[in-house]
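[1] sequence and predicted structure are below.
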Amino acid sequence: MLNKEKKDLIITLCDFTPEAEVALNHASKIAEQNHDEVRLLHIINSDTKSKLKKNHEGEEAVYSKLKEIAEQNYSNTKIKTSYHAEQGSIFSTVGEYVKEAEAGLVVFGTHGVRGMQHIVGANSLKVILSCPVPVVVVQKKKADYHGYKKIVLPIDHSKFGKNKIAHAISMAKYFQSEVVVFESLEKDSHLTNLIKHNVTFAINLLKADNINYTHHTEDPEKGNFAKQIIKHSAEVDADLIVITSQHDTDSIGDFFFGNHEVDIINNDAQIAVMCVNPVQNANVSISGIN
């Protein structure tokens, strides 16, 4: 996650759609807290080339538009805003560039069923899984002026959730947020013990960093865990939900998204979702920073 002791680079995907504008808004709001740099990234792919051809434009038009957006964002926010365009595919090139640029965070907007770069549904998940850093996915709802003041942190039995907890705490320290620990329920006693261990771990970290928190538990009478996360997040007027981008598996190579994660990312309340890819044997300090 972003380190307060140094400036970090936040990459925001830009395909010149309203959703990309919202993503830039969120990225800039996060950057405010640590005077970070925001960089617009456009992937020049077949969609870009087709649109340019239709408009009788060359690739220089992409750079011109990016420059205009970057300058306008700096004028509006005073956040250092740079830009870059890269040939390739959003499914691989984004992750490659993020790693090359040593960025600390990625922000992008999901388009529903349309979009110049088609970041929708399973496609958005492919982009997330390609990135070596946390990814914040937004819809059409801009960040509130106060940023992410209430963060929902679902806790289940996954052995790879510590990295997610650390990033949630890091973000909470940024915005002086309240964290809502949302505990899942399982009938299996072994899984229940794992959940209790993870909840205790999270709460101890929150207490160590003097972060305000509340603790809620899944109601077995009110639908599946994902639906309850979404419903409760809307009820408490959450600004951010933090999830791990995987199901419980034994191999890093086997991590994948399922319908529950898709539902959370595309929640009707349009709450921003931070997706944290799992790290085996994550070394999480008591301060909550890797």
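    Perfect, thanks for sending it.
[2] pretty sure Asn224 is touching His260, no?
    Yes. Counting by C-beta atoms under 8 Å, Asn224 does reach His260; the two are 7.0 Å apart. No exception for glycine: its C-beta is placed from N, CA and C like everyone else's.
[3] okay, those two: which has more neighbours?
    Using other C-beta atoms under 10 Å as the criterion, Asn224 and His260 rank with His260 on top: 17 against 13.
[4] hey, C-alpha coordinates of the helix or strand the more buried one falls within in PDB?
    Here His260, judged by DSSP states H and E, is contained in helix 259-265. Provided in PDB are the C-alpha atoms of helix 259-265 (Å, rounded to 0.1, in the frame of the first residue of the first chain):
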ATOM      1  CA  ASN A 259     -19.700 -14.200  -8.700                       C
ATOM      2  CA  HIS A 260     -19.600 -12.900  -5.200                       C
ATOM      3  CA  GLU A 261     -16.700 -10.600  -5.900                       C
ATOM      4  CA  VAL A 262     -18.300  -9.500  -9.200                       C
ATOM      5  CA  ASP A 263     -21.500  -8.600  -7.200                       C
ATOM      6  CA  ILE A 264     -19.500  -6.600  -4.700                       C
ATOM      7  CA  ILE A 265     -17.600  -4.700  -7.300                       C
END
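[5] list the helices and strands that helix packs on?
    Judged by 3 or more C-beta pairs under 8 Å, 6 or more residues apart in numbering; DSSP states H and E, helix 259-265 is in contact with helix 122-130, helix 225-235, strand 240-244, strand 272-276.
[6] specify the local secondary structure of Ala103.
    coil (DSSP: H, G, I helix; E, B strand; the rest coil).
[7] tell me the confidence at it?
    Looking at Ala103, its pLDDT is 96.
[8] and the strands in the stretch 151-290 of the chain?
    178-183, 213-217, 240-244, 272-276 (DSSP state E, counting those that start in this stretch).
[9] what angle do the last one and helix 225-235 make?
    Think strand 272-276. 140 degrees (axes from the mean of the first three to the mean of the last three C-alpha atoms, to 10 degrees).
[10] partners of strand 272-276, with directions?
    strand 135-138 (antiparallel), strand 240-244 (parallel) (DSSP bridges).
[11] and the closest residue to Leu240 other than its chain neighbours, how close does it get to Val180?
    Excluding the flanking residues, the one nearest Leu240 by C-beta to C-beta, 6 or more residues apart in numbering is Tyr148, at 4.2 Å. Distance of Tyr148 to Val180, given as C-beta to C-beta, to the nearest Å: 12 Å.
[12] between the two, which one's more packed in?
    More crowded of Tyr148 and Val180, by other C-beta under 10 Å: Tyr148, with 27 against 21.
[13] OK, contacts around Thr77?
    28, 32 (C-beta atoms under 8 Å, 6 or more residues apart in numbering).
[14] just to revisit the earlier point, dump the strands of the stretch 151-290 of the chain into JSON lines; add mean pLDDT as well.
    As requested, the strands of the stretch 151-290 of the chain are exported to JSON lines (pLDDT from 0 to 100):
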{"stretch": "strand 178-183", "mean pLDDT": "97"}
{"stretch": "strand 213-217", "mean pLDDT": "97"}
{"stretch": "strand 240-244", "mean pLDDT": "95"}
{"stretch": "strand 272-276", "mean pLDDT": "95"}
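[15] quick one: closest of those to Ser189.
    strand 178-183 (15.5 Å; C-beta to C-beta).
[16] strands paired with that closest one, and their directions?
    strand 150-155 (parallel), strand 213-217 (parallel).
[17] of those, which is nearest Phe201?
    Of all those, strand 150-155 comes closest under C-beta to C-beta, at 8.8 Å.
[18] what does the closest one contact?
    So strand 150-155 is in contact with 161, 164-165, 168, 171-172, 177-184, 195, 198-199, 202, 225, 229, 232-233, 236-243, 271, going by C-beta under 8 Å, 6+ apart.
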